[in-house]
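J.: need a structure here:
(chains A, B, C and D)
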Protein chains: 4
Amino acid sequence: MTTERRTFASDNFAGIHPDVLTAIAEANGGHATAYGADPVTAEAIRVFRQHFGETAEVFLAFNGTGANVVGLQSLLRPFEAVICAEGAHINVDECGAPERFLGSKLIAVATPDGKLTPDLVEAAAMGTGDEHHVQPRVVSITQSTEVGTCYSVDEVAAIGAWAHDRGMWLHLDGARLSNAAASLGVGLGAFGSQVGVDVLSYGGTKNGAMGAEAVVSFLPADTSSLRFIRKQSMQLASKMRFVSAQFVALLSGDLWKTNAEHANAMAQRLAAGVSQVPGIRLAYPVETNGVFAVLPSAVTAAVQREFPFYVWDEATGVVRWMASFDTTEQDVDDFVALVTQTMGEYRE
Amino acid sequence: MTTERRTFASDNFAGIHPDVLTAIAEANGGHATAYGADPVTAEAIRVFRQHFGETAEVFLAFNGTGANVVGLQSLLRPFEAVICAEGAHINVDECGAPERFLGSKLIAVATPDGKLTPDLVEAAAMGTGDEHHVQPRVVSITQSTEVGTCYSVDEVAAIGAWAHDRGMWLHLDGARLSNAAASLGVGLGAFGSQVGVDVLSYGGTKNGAMGAEAVVSFLPADTSSLRFIRKQSMQLASKMRFVSAQFVALLSGDLWKTNAEHANAMAQRLAAGVSQVPGIRLAYPVETNGVFAVLPSAVTAAVQREFPFYVWDEATGVVRWMASFDTTEQDVDDFVALVTQTMGEYRE
Amino acid sequence: MTTERRTFASDNFAGIHPDVLTAIAEANGGHATAYGADPVTAEAIRVFRQHFGETAEVFLAFNGTGANVVGLQSLLRPFEAVICAEGAHINVDECGAPERFLGSKLIAVATPDGKLTPDLVEAAAMGTGDEHHVQPRVVSITQSTEVGTCYSVDEVAAIGAWAHDRGMWLHLDGARLSNAAASLGVGLGAFGSQVGVDVLSYGGTKNGAMGAEAVVSFLPADTSSLRFIRKQSMQLASKMRFVSAQFVALLSGDLWKTNAEHANAMAQRLAAGVSQVPGIRLAYPVETNGVFAVLPSAVTAAVQREFPFYVWDEATGVVRWMASFDTTEQDVDDFVALVTQTMGEYRE
Amino acid sequence: MTTERRTFASDNFAGIHPDVLTAIAEANGGHATAYGADPVTAEAIRVFRQHFGETAEVFLAFNGTGANVVGLQSLLRPFEAVICAEGAHINVDECGAPERFLGSKLIAVATPDGKLTPDLVEAAAMGTGDEHHVQPRVVSITQSTEVGTCYSVDEVAAIGAWAHDRGMWLHLDGARLSNAAASLGVGLGAFGSQVGVDVLSYGGTKNGAMGAEAVVSFLPADTSSLRFIRKQSMQLASKMRFVSAQFVALLSGDLWKTNAEHANAMAQRLAAGVSQVPGIRLAYPVETNGVFAVLPSAVTAAVQREFPFYVWDEATGVVRWMASFDTTEQDVDDFVALVTQTMGEYRE
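T.: Alright, predicted model coming up:
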């Protein structure tokens, strides 16, 4: 039923990495206590702490929107606001779930490359102490960003310091944190508490899981509320061991990194290939597993007829191509060849 | 990691039925469009419609709380209220998710056996037209109920007629609808639109899935809003094909029924066994896969040391034992023997 | 336009006490800073603190529902619940505003006389620590109650101690706190922090104001959040001096007490009168300004044709008669005469 | 207690127009049915309909934030969004009440002069039909705008037509609608259903009332839900006759217009005066009762020491001066003289 060809439409179009599926199958012996009080979940939490440190509290969730909303809710009262990039997933791709469930306003900031900076955030953090205004309380960044760029460790730390100086929190949407860490050659924990991240979402799904996301909290106290927030936010799995097993597969060894490095490398190969094509321009630096390019719309349409992918910005003609853990060199080369040929026909 | 013994604690403690796991693995070839626009999901919707009719709109979700909240939200504005049984899952086991996300009040009605009736609902449906009161708009019933009882088809139809006469909707929480249908010897569709059900939650998880629930809507119009409600309610799976595959496995043949009939039969065997034990009394008729019995608390505690299970009501000493698709006759017989022996020691 | 006769339908049917109206007019000289940073509001807060102590934080609001929701919101996260009496205003007369805006469940407890007790609350405070259940966090009582009864100071203190022992808060809906205090011969401050009340709503409207309610908080810290909660909850008046002036008129001298004592006395006169009538029975002790009586429905209907009032409970035939600050002895005597005569005709 | 000097800080700093206070006093005879079923409220609705037509449904409310939230709630489901100007009161001055209570996202659009246009709205109305995006459903405009500019009747009609062509609604925040209508020489009804406005907030408070706002709905059906929305949104006054009396005073004759014309004229006088001062520049056309000027910050600070007013934009040095119904020519002339002198000293 699923013989679709591999494309560059989304890293969500890929399936389950074989090792993850095996882990699910292996977790399927006998009964296990529901809702997370099982040994597989205990093991998953243990391996998370190997990456993020012993103080990390871990709450598995179903999807990225759920993980973001649950994590943010632990940091916010409804009159407090989140400052985020205009293109942040929480701002444009979650159908308003944050506003709906947090009750909070998102203050969206235009960015040149998907990345916030202390200066950008400073300009948006207005109205503190004025009861007519929402009170800025959380800065939320995405690592890697929605346009494939990557904060350096120091850049995250600078935003963390800025936030903590003002009594604010730093939230990190890490739906593709693996890709960022692999790209920078650092561990996942490089983006934890030591750079001032207070709560993060860690995404397994785009990295080869079937569906597994996590909220990781470094708050010194009261993380117990996260248990209730997760349940009330409809993100508590009954047969949680099967979510947990996916993380054990990804995080107990190097699978998370291998998958991310491979996807990143395929994006580099793709970027290198299309960069050779006259008339095509990369819209953002290719730092992780996404390639954003500017194409003539006729070329876009022609290529889409064979390989589906998304137009990122109708107005500017930017398109998005995502590499996955299962993308092959041949996939890339075939696609580059198609783009090259189509572009050539267009320019004649 | 998961060598726990099979118990009667919950049908959520069971794992994945082998056929369901196989279906997940088979759906794992190549890429597939995310968020449900894939052939496996199309197939899942097709098999749902074989059961519930061609007018059924189907929206897969992660868990039962999510399915209930999504379905109810399609029926309610925040000043409108839900009438439900006091012991309803939405009222006592969802950490307030309905109030939180619907904004609506639940009006809880005491019942003798977990089942609402038109008379019980009538008494609770007050304040219509009075702006100081919430406006009753939905009746929500659970089939089978949280105490293992079962509405007959006519009983559901009577509540549906009552509701529609008053311009209200009927919602059905079918987390264990399979068990009810199997018990009554009817199809799943017997609890759809022809008995006045407007929206239902259908549960795959307790029936052998890894984690798969669905909202099925029979509303004549505007079900398109459910797409947005599901996404905003954090219940939209990116790699949805793997949720869908579970339903295809359960619903395309008789697996849903086989699993349910088996669990029901094991509950009957358990009920028959413990009914022989002097001093033990069944609290509710055993009509599906749950056995509710009244035990002395010392006996409860002694048995729990070997087989974990939940006390349903501390005050009355009622305990809950649930049979699963994978419960064996030997499991039942061992458990009955243990209860018999413990009770005997207690009475000496 | 407003020549309606004085009735016993509600203490909200009365108008503005002349001294309150004068205070509004006197506050109308020149300009004043909006939103409460004006001298009249400073004076109102000063007189509130004369009653409730210097640690009281005071936030004026428009109406009772608003004051209740604002106060409760300062005490609750959405997964936490409020335990209240079944007949509490927050439970049945606010169109679900608490659930809608707090996101929290109300756990309603049946009471014989509108009053909670530690035992009643204990029985309802279930599920602590269980993530599937809402977490009881606030007990809310109404003083005087919706059926005209009154907690003694010790009774409130007992509930306060119970709540604080469990890390819970005590909220008091004091829409008619003046009537209770006048009835018991104590000051308003008798129901403040020294009996364990953490946040209360104080009602001026039913006591002779045009429309003036207040949230009084005794929380040791973080009451600053109440400023934002009030604004976000749409309860911040721009020309606040005119709300404040009403409280200055009521609370700077004895007007609050005079008005309450008078209304209470008129209720006593009415209760004494109707108690003489064969076939009429008081439903609750008359302890403040409300009289609840059981009448034959034919008598109720006949009397309502001349004097409108509300049937409190259709099923039991209980009706409600409320006395106001402007009720006269003649009003009472005329009404008693009418009831007596109608009852007599009915019994012939 | 209120001997503050008249300033140009805000039209909310002014008190109650004498005729409005008289109307409140006159409404204070005897009892009246609470919550709006009284003759004064009936009269208020009648006079509203004289302005806005017989199909207008009118719901009085306490304040502008409340009126906006109630009105918008009648038009929106939580996954639907509101497009508004970046500086709209709902976006920046209501402490997030819209997001909190509607659950909906506000999509804020930068404007040169506070006014939306079909082109501006078109560019912001993205993602229709895509379940990952909120669905644009309401355009909300402010008349007159927060920077004192005014939509022409045709400009409003163009936005109304744009919205209705797309199945969207047009909401108008008319906190200062009187000033706009007076400025344009049209009736209030010019901004009703015939130009495509579906729901509007009408403000009495800034026009001389003590505190009186209204939601006016032109929806063809289901406005009955507004009764419940208003109550649940904590905006239903018990002694409503005193809110209603204010509107009767303003709207039954020409008081609304006289007050607005006067305030507008004083703003023109002020604008004319400061325009003569070298080094001062008007930031926006002065079309109603607000004057926005660019001053050196040292001048701003010096003038504020004698006459408080608000800096509108720290970055650009824009300040806001508002004229009220009670502003005198002498007030204006004194203020212009002060500004002139201070500016002169600054430039030396």
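
J.: alpha carbons only for contacts and neighbour counts from here, please
T.: Will do.

J.: and the pLDDT for the nearest residue to A:Ala175 once chain neighbours are set aside?
T.: Leaving aside its sequence neighbours, A:Ala175 sits nearest to A:Gly203 (C-alpha to C-alpha, 6 or more residues apart in numbering or on different chains; 4.1 Å). Residue-level confidence at A:Gly203 comes out at 98, pLDDT.

J.: can you get me a residue count around A:Gly203?
T.: By other C-alpha atoms under 10 Å in any protein chain shown, 26 other residues sit near A:Gly203.

J.: which residues touch it?
T.: Residues near A:Gly203 by C-alpha atoms under 8 Å, 6 or more residues apart in numbering or on different chains: A:Gly64, A:Gly174, A:Ala175, A:Arg176, A:Leu177, A:Ser178, A:Ala212, A:Glu213, A:Ala214.

J.: those into a markdown table, with extra columns for neighbour count?
T.: Shown next, in a markdown table, are the contacts of A:Gly203 (neighbours: other C-alpha atoms under 10 Å in any protein chain shown):
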| residue | neighbour count |
| --- | --- |
| A:Gly64 | 30 |
| A:Gly174 | 27 |
| A:Ala175 | 28 |
| A:Arg176 | 25 |
| A:Leu177 | 29 |
| A:Ser178 | 27 |
| A:Ala212 | 25 |
| A:Glu213 | 30 |
| A:Ala214 | 28 |
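
J.: chain B: which of those residues is nearest?
T.: Nearest to chain B out of the contacts of A:Gly203 is A:Gly64 (C-alpha to the nearest C-alpha; 8.4 Å).

J.: which residues are in contact with that closest one?
T.: Contacts of A:Gly64 by C-alpha under 8 Å, 6+ apart are A:Ala175, A:Ser201, A:Gly203, A:Glu213.

J.: likewise A:Arg77?
T.: Counted by C-alpha under 8 Å, 6+ apart, A:Arg77 has contacts A:Leu102, A:Gly103, A:Ser104.

J.: so which of those residues are also by chain B?
T.: With the criterion set as C-alpha under 8 Å from any C-alpha of the partner chain, no member of the contacts of A:Arg77 is near chain B.

J.: nearest to B:Ala302 among the residues you listed?
T.: A:Leu102 (44.4 Å; C-alpha to C-alpha).

J.: from chain C, how far out is that closest one?
T.: 10 Å (C-alpha to the nearest C-alpha, to the nearest Å).

J.: thinking that residue is in contact with A:Phe79, fair?
T.: No - look at A:Leu102 against A:Phe79 with C-alpha atoms under 8 Å: they stay out of range, at 9.4 Å.

J.: overlap in contacts of these two?
T.: D:Arg100.

J.: out of these two, which sits in the busier spot?
T.: A:Phe79 (29 against 26).

J.: surely the more buried one touches C:Ile229?
T.: Yes - the pair A:Phe79 / C:Ile229 is scored as a contact, 6.8 Å apart, by C-alpha under 8 Å.

J.: apart from its chain neighbours, what residue comes closest to A:Thr205?
T.: A:Gly211 (4.9 Å).

J.: check what pLDDT that neighbour gets.
T.: Per the predicted model, pLDDT is 98 at A:Gly211.

J.: doesn't it fall inside a strand?
T.: No - read with DSSP: H, G, I helix; E, B strand; the rest coil, A:Gly211 is coil and lies in no strand.
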